[in-house]
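# Mind folding the following:
(chains A and B)
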Amino acid sequence: MPLCSKNIDNGHAGVLIDKLSKRECLMDAINLTETIDVSFIEQVKKESGENPSLCYQCGNCTAGCPYTAFFDYPVSQIMRLLQAGQKDAILNSKAIWLCATCETCTTRCPCEIDVAHIMDTLRIIARRENRVSEKDIKTFYDAFLDSVKEHGRIFEMGILLSYNIKSGHLFTDAELGPKVLQRGKIHFFPKNIKGRETIAGIFKKFLEKSKEHG
Amino acid sequence: MAEKEYVYYAGCSQEGTAQEYDTSLRVVLKTLGVSLVEPEDWSCCGSTPAHTVDHVFAAALGARNLAIVERMGRSEVITPCPSCLTVLKKSHIRMVADESFKKQVNSLLDEPYNGSVNTKSVLQILYEDIGLKRLGEKVTHALPDMKVAPYYGCILNRPPEIAQFDDPENPVAMDKVLSAVGITVCDYAFKVECCGAAFGVAKREMVNKLTYKVLSMAIDAGANCIAVACPLCQQNLDLRQEQVNSTMGSSFAIPVLYFTQIIGLTYGFSPKELGLDKLIVNPEPVIHSRIRVEKKEVGTTDTQKKVKREQITHEGIQ
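Residues are numbered from 1 along each chain as shown, chains lettered A, B, ... in the order given. Predicted coordinates for the structure are as follows:
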């Protein structure tokens, strides 16, 4: 249900609102009373070590965010949704996955909130709850981490091949192949570090501890 | 000057798609009397993908490497890659600030990290330790046709609490380093705008749109090439430049060099020695006028009149 009402049809403001509503509705209406999840606010506070209630919605983060044109909710709205305990809206959002942690928001926040760290925390929680609105991004991250686990360092060609197969986008960046191969910029075989089992151990211990803590 | 040795964490990209960053910084540092020793059997820092999984897990992948540096009895490590830099610094800073976080991280590691290693970027040690004066002293060549837009990327200087170097909004270290070796730098408003980072594979169009802005702003600033300090920025701006052209209908052909390659050119190294043959967009148009200069003349206005013009041949560039 769009916030901007189409029923106001008299006067200049009404025309303006009508025009706006036809072009783009800013966000969907959310019934705060029904959907507030106070424990979620506490969880994010605890896991991020940040205090989202310090945000007074100046919008500086959104003004500087290079990704805001691609977000469903601008980062300042994510902060507002967080203050209102809107767990579902946040964890199902594309914004938390499209954030690149470029740190512009954190650098510019007048309240000194580490906004990028909050976005990071929200993404971690979404991943844990298996709510992934941008599957290709997660598939790429997972291909990257599989490579680290397997070899100790990343194997670029392996990551791309693995991504292409798992995402189903078989020809991603295929046109770049000749460019990098001609110049010897990419290796055909992985380079394994000696202590790669210690790296696999980090992954294993992390998984065990995650299970212990539910 | 006595040789100074640094512990050098190259990072994975510098063995693959960004090997020319590694090649060029090594010859430049060697010229400046700096030697490098690598942490034995270093591993990937985990970069962006690790911190989408868990904070402790991400810090563990970084801290494993810091523990190796500690074992070497050293308290400082340098890295060329801003992503590695951020991971190593964040791991260190968070572990030192929070004892329980440190315990959790160390519980994932075979060799615990005690919190005694500071990480710096290669740019930072060039600027702070080597210094602009010494950088300028080694110059043997000028590049009169080169006009550089220094592009720092998003996280080399941000957030300031982590980077602890230069300015987060208007960094100047690369500008100053390049000016010190006689290069003309342009005032560039998009120094720290994100290029699209690690989304090149999964969200290509988004990256192409962001990169388009970075490239067009550089050209608007009067630059004919871009200097970078990040392997991912380089990849997005150079390797993906043709993708940008096809997505955005542009016709860019602006070379994107590592700032260390540019310094190397002023020190007289051949394009091959600096890995310029690895770049996708041909840098020849901006370096073909390279000329030898006499030491005392570097930085003077009549440099070009007095020099013996020496056209550099470019066999092997492309």
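
# how far does stretch A:87-104 sit from the chain's center?
3 Å (C-alpha atoms, centre = their mean, to the nearest Å).

# State the mean pLDDT of that stretch.
For stretch A:87-104, the mean pLDDT works out to 97.

# again with stretch A:119-136
In the prediction, stretch A:119-136 has an average pLDDT of 97.

# The stretch 151-300 of chain B: helices as residue ranges?
Ranges of helices in the stretch 151-300 of chain B, per DSSP state H, counting those that start in this stretch, are B:160-163, B:173-180, B:204-220, B:231-234, B:241-248, B:259-266, B:284-287.

# Quick check: which element contains the residue lying closest to A:Phe171 once chain neighbours are set aside?
Using C-beta to C-beta, 6 or more residues apart in numbering or on different chains and skipping residues adjacent in sequence, the residue nearest A:Phe171 is A:Asn164, 7.1 Å away. Placement of C-beta: from N, CA and C, glycine included. With secondary structure defined by DSSP states H and E, A:Asn164 is part of helix A:156-167.

# Where does pLDDT dip in chain A?
Scanning chain A for pLDDT under 70 picks out the ranges A:1-28, A:214.

# care to break it down by domain?
A:1-30, A:31-128, A:135-212 (automatic domain parsing).

# contacts for stretch B:124-133?
Residues from elsewhere that reach stretch B:124-133 (C-beta atoms under 8 Å, 6 or more residues apart in numbering or on different chains): B:4, B:6, B:32, B:34, B:78, B:120, B:135, B:165-166, B:173, B:176-177, B:180, B:263.

# how long is it end to end?
15 Å (C-alpha to C-alpha, to the nearest Å).

# ok, the residue positioned nearest the centre of chain B to chain A distance?
With distances taken as C-alpha atoms, centre = their mean, B:Ala229 lies nearest the centre of chain B, 2.1 Å away. Going from B:Ala229 to chain A by C-beta to the nearest C-beta, to the nearest Å gives 15 Å.

# Wait, that residue touches B:Leu123, no?
Yes: B:Ala229 lies in contact with B:Leu123 (C-beta atoms under 8 Å); the separation is 5.4 Å.

# Can you pull the residues that touch both of those two?
B:Leu156, B:Met174, B:Phe259.

# By neighbour count, sort out the buried ones in the residues you listed.
B:Leu156, B:Met174, B:Phe259 (16 or more other C-beta atoms under 10 Å in any protein chain shown).

# Helices of chain A, start to end?
Here chain A has its helices, by DSSP state H, at A:11-23, A:32-35, A:38-48, A:60-64, A:75-83, A:87-91, A:95-98, A:104-108, A:115-128, A:135-151, A:156-167, A:177-182, A:196-212.

# closest one to B:Pro283 among those helices?
Nearest to B:Pro283, of all these, is helix A:177-182, at 14.8 Å by C-beta to C-beta.

# Spatially nearest residue to the residue most central in space within chain A (excluding sequence neighbours)?
The centroid of chain A falls nearest to A:Trp97 when counting by C-alpha atoms, centre = their mean (2.0 Å). Leaving aside its chain neighbours, A:Trp97 sits nearest to A:Glu134 (3.7 Å; criterion: C-beta to C-beta, 6+ apart).

# Please name the residues that touch the one you found.
A:Lys94, A:Trp97, A:Leu98, B:Ala202, B:Lys203.

# Surely A:Asp72 and A:Ile96 touch.
No: here A:Asp72 does not reach A:Ile96: they are 9.8 Å apart, not a contact under C-beta under 8 Å.

# ranges for the strands of chain B?
Assigned by DSSP state E, chain B shows strands spanning B:4-7, B:34-37, B:76-79, B:118-121, B:141-142, B:147-151, B:184-185, B:225-228, B:256-258, B:291-292.

# what does the third one contact?
It stands for strand B:76-79. B:6-11, B:39, B:65-66, B:69, B:85, B:88, B:117-122, B:124-125.

# Among these, which ones are in helices?
B:Asn65, B:Leu66, B:Val69, B:Leu85, B:Leu88, B:Val122, B:Gln124, B:Ile125.

# Among those residues, find me the one that's closest to chain A.
B:Asn65 (10.7 Å; C-beta to the nearest C-beta).

# and the gap between the closest one and B:Ala149?
Per C-beta to C-beta, to the nearest Å, B:Asn65 is found 32 Å from B:Ala149.

# With A:Val180 instead?
24 Å.

# what residues does the stretch 1-150 of chain B put near chain A?
B:12, B:15-17, B:19, B:41-44, B:46-57, B:60-61, B:64, B:107-110 (C-beta under 8 Å from any C-beta of the partner chain).

# buried subset of these?
B:12, B:15-17, B:19, B:42-44, B:46-57, B:60-61, B:64, B:108-109.

# For stretch B:31-38, C-alpha coordinates in CSV please.
Below are the C-alpha coordinates for stretch B:31-38, written out as CSV (Å, rounded to 0.1, in the frame of the first residue of the first chain):
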residue,chain,number,x,y,z
THR,B,31,65.4,1.7,-5.9
LEU,B,32,64.6,3.5,-2.7
GLY,B,33,66.7,1.1,-0.6
VAL,B,34,63.8,-0.9,0.8
SER,B,35,63.8,-4.7,0.9
LEU,B,36,60.8,-6.8,1.5
VAL,B,37,60.3,-10.0,3.5
GLU,B,38,57.1,-12.0,3.3
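
# quick one: contacts of that stretch?
Outside stretch B:31-38, the residues that reach it (C-beta under 8 Å, 6+ apart) are B:1-10, B:26, B:29, B:72, B:125-126, B:130, B:134-135, B:138, B:267.

# give me that answer again for 6 Å
B:Met1, B:Glu3, B:Lys4, B:Glu5, B:Tyr6, B:Val7, B:Tyr8, B:Ile130, B:Lys138, B:Tyr267 (C-beta atoms under 6 Å, 6 or more residues apart in numbering or on different chains).

# Rounded mean pLDDT for that stretch, please.
In the prediction, stretch B:31-38 has an average pLDDT of 98.

# got it, and stretch B:136-145?
The model assigns stretch B:136-145 a mean pLDDT of 97.

# How about stretch B:184-204?
Rounded mean pLDDT across stretch B:184-204 is 96.

# Mind listing what's buried along it?
B:185-186, B:188, B:190-204.

# for stretch A:62-71, same thing?
Buried residues in stretch A:62-71 (16+ other C-beta under 10 Å): A:Thr62, A:Gly64, A:Cys65, A:Pro66, A:Tyr67, A:Thr68, A:Phe70, A:Phe71.

# Quick one: name the residues of chain A near chain B.
A:66, A:70, A:100, A:102-103, A:106-107, A:120, A:123-124, A:136-137, A:140-141, A:144-145, A:148, A:152-154, A:156, A:163, A:172, A:176, A:179, A:183, A:185-187, A:193-195, A:198-199, A:202, A:205-206 (C-beta under 6 Å from any C-beta of the partner chain).

# out of those residues, which are buried?
If we count by 16+ other C-beta under 10 Å, the residues of chain A next to chain B have these buried: A:66, A:70, A:100, A:102-103, A:106-107, A:120, A:123-124, A:136-137, A:140-141, A:144-145, A:148, A:152-154, A:156, A:163, A:172, A:176, A:179, A:183, A:185-186, A:193, A:195, A:198-199, A:202, A:205-206.
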